[in-house]
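Visitor: predicted model and sequence below, questions to follow.
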Amino acid sequence: MIDAIVKRTVRYRQHSFIRVVRRTLAVIFPLALIGIIAQVLFIVFFSNDGYLYNVLSIGDWVPKVVLTKAQYSLLALSQVTIEMLTVYAAYGAARYTAQLYQIDDQVPGITGLVTSLLLSVRYTPNRGVSFDQDMMSYGSLLGGLLVGYLVGQIFRWLGKKNRLKPGQPIHTVDIEEQVAAYTRPILVIMLGALAINFVLNLVSYYSSYTQAAALMQSLSSGNTPFWLELLMVCLTTLLEWLGISGSYNFQLGTDSTEAMANLNYALAHHTAYGVPVPLPWLFSLQLLCQFWGNRARVGPVTCNGNCGPQL
């Protein structure tokens, strides 16, 4: 029994997609870490509801123009890191998939990045051409990994002529042969991405996603049979685990802006009385404790100091 589990685990870890995902996540992790640090600094030090902003009275002794520029800088850093994480994931996955099959990885990596951007392009009559931020940020990370992996596989299937031999430098491959070998897979990938982009724009134009989300929300609440609610809970839980937001949220309100403002106020004033967003007393205390526990993993310490016997 144990031997069978070990064999299956080893086989799972040796699967090409799993190997590509592990290497890609290891590469983009520093970018994600930097983006998260930027967000934490923005929220704690430079936001009006920030904990240290109120404790240190930063707004009283730091010029407003300095605070504004610092906010913009941190937001910009966050925007080009975690808010574009899916694009970087597509690039890394395509590149490492090509490396896995001894193929020149430069063109597949760039093609994966361009494909991810193309899938994120949206056209609206009011704003014209823009990018769907949800398709580029960390919420669609799994999609970016799948796009990059598929791009690398297409280069493997359609660009087999100029594989690199083990230890062969990339610059020794003839450039003309390389261009000829990569033209067909690039055309296939771009045409496929263009077709998918067309469908996504139609879905966005007719608000099909919004209607589907509303339907799922109605099915997961109200006078719905128990088996159907259970099915929707399982489905949306799986979607959330995959990084796709579902209509059924088990932590409703704990990650909201209002909860963050209440938490920072309670920490700065040592009481939950008079929080910026008034809530029922017991619910407010639970919300503060749940939010802090989810964010900082030190819920018991904060809850003992601010919530008292309510826990």
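Guide: Right, received. Where do you want to start? Residues are numbered from 1 along each chain as shown.

Visitor: C-alpha only now, for contacts and for neighbours.
Guide: Fine.

Visitor: ok, now which ones touch the closest residue to Ser137 other than its chain neighbours?
Guide: Using CA to CA, 6 or more residues apart in numbering and skipping residues adjacent in sequence, the residue nearest Ser137 is Glu83, 4.0 Å away. Listed by CA atoms under 8 Å, 6 or more residues apart in numbering, the contact set of Glu83 reads 133, 136-138.

Visitor: pLDDT, neighbour count and distance to Leu117 added to those, as CSV?
Guide: Shown next, in CSV, are the contacts of Glu83 (pLDDT from 0 to 100; neighbours: other CA atoms under 10 Å; distance: CA to CA, whole Å):
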residue, pLDDT, neighbour count, distance to Leu117
Gln133, 84, 16, 10
Met136, 89, 25, 8
Ser137, 85, 20, 11
Tyr138, 82, 23, 14
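
Visitor: contact partners for the nearest residue to Val80 once chain neighbours are set aside?
Guide: Excluding its sequence neighbours, the residue lying closest to Val80 (CA to CA, 6+ apart) is Gly35, at 8.0 Å. The contact partners of Gly35, by CA under 8 Å, 6+ apart, come to 77-82.

Visitor: work out for me the element Gly35 sits within.
Guide: Using DSSP states H and E, Gly35 maps to helix 16-45.

Visitor: for the record, mean pLDDT for the helix or strand just after that helix?
Guide: The helix or strand immediately downstream of helix 16-45 is helix 51-55, counting by DSSP H and E. Per-residue pLDDT over helix 51-55 has a mean of 82.

Visitor: can you name the next helix or strand after helix 51-55?
Guide: Following helix 51-55 toward the C-terminus (DSSP H and E): helix 58-61.

Visitor: in the stretch 151-300 of the chain, what spans have low per-residue confidence?
Guide: Along the stretch 151-300 of the chain, segments meeting pLDDT under 70 span 160-177, 207-224, 240-260, 272, 277-300.

Visitor: recalculate using a threshold of 80.
Guide: Confidence mapping of the stretch 151-300 of the chain against pLDDT under 80 gives the ranges 159-181, 204-230, 232-300.

Visitor: buried residues in the one helix or strand Gly148 maps to?
Guide: Assigned by DSSP H and E, Gly148 belongs to helix 141-158. For helix 141-158, burial by neighbour count (16 or more other CA atoms under 10 Å) applies to 141-156.

Visitor: what's the following helix or strand after that helix?
Guide: Scanning onward from helix 141-158 (DSSP H and E), the first element met is helix 175-205.

Visitor: for that next one, which helices and strands make contact with it?
Guide: On a contact count with 3 or more CA pairs under 8 Å, 6 or more residues apart in numbering; DSSP states H and E, helix 175-205 meets helix 106-120, strand 121-124, helix 141-158.

Visitor: for PyMOL, what selects the buried ones among the contacts of Gly35?
Guide: Here the buried members of these are turned into a PyMOL selection, burial being counted by 16+ other CA under 10 Å:
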select buried, resi 77+78+79+81+82
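
Visitor: so which of the contacts of Gly35 belong to helices?
Guide: Mapping these onto helices (DSSP state H) picks out 77-79.

Visitor: okay then, goodbye and thanks.
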